[in-house]
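**Student:** build me a structure from this.
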Amino acid sequence: MIKWNKENFLSKLKTVCNSNVSNVIVDFINFSESEADSITWGRGEGYGTMTFKCKSQDYGVVPLFHITTNGQIKFPINFLRSKIRKREIINDYQLKLESNFMMYFDEESCSSDVFYKVDELFVMKAEVDKFIFTVQNIMARLHQ
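**Tutor:** Numbers count the residues shown, from 1 in each chain. You can find the predicted model right below:
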């Protein structure tokens with residue numbers, strides 16, 4: 001069983017994904033290293049994962065997004081719905097994701113957390129920046 005870390009994650013990422021996708025994911029890794037309360041690296045053999053986690057006084061440590069070496073991202077909004085009792089925080093995250101990506105993340109349309117292709121969601125640098133700003137805002141609300 002492989003224990004992923006930044007070095008082997010980036011190495012695998014650059015061999016599997018095109019440069020546009022790997023650049024976006026590298027931006028997320030750099031953001032995570034500077035802003036996340038904790039980062040966890042996966043242990044799987046098929047592909048590597050990195051999880052951005054935020055520490056909350058009320059809800060413990062919660063994941064805000066996952067990225068993979070095969071160029072995918074997951075927003076664990078359904079997991080957060082089950083963990084966080086303050087609906088306004090979840091609604092804020094959901095609305096910002098919906099406005100960023102023009103997709104629905106409500107409980108009916110998105111009944112389970114799924115991985116999305118990074119290159120389909122993040123075409124321009126501005127979209128990456130908007131998502132990072134969204135995560136920073138949710139972190140600030142969870143830290144209160």
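
**Student:** now do residue 136 against residue 32, distance only.
**Tutor:** Using CB to CB, to the nearest Å, one obtains 12 Å as the distance from residue 136 to residue 32. Bear in mind the C-beta positions are built from the backbone N, C-alpha and C, glycine included.

**Student:** do the same with residue 54
**Tutor:** 11 Å.

**Student:** show me what contacts the residue most central in space within the chain?
**Tutor:** Centroid-nearest residue in the chain: residue 65, 2.0 Å away (criterion: CA atoms, centre = their mean). By CB atoms under 8 Å, 6 or more residues apart in numbering, the contact set of residue 65 is 28, 51-52, 73-76, 135.

**Student:** so for stretch 33-40, mean pLDDT?
**Tutor:** Per-residue pLDDT values across stretch 33-40 average out to 96.

**Student:** any buried residues in that stretch, and which?
**Tutor:** residue 36 (16 or more other CB atoms under 10 Å).
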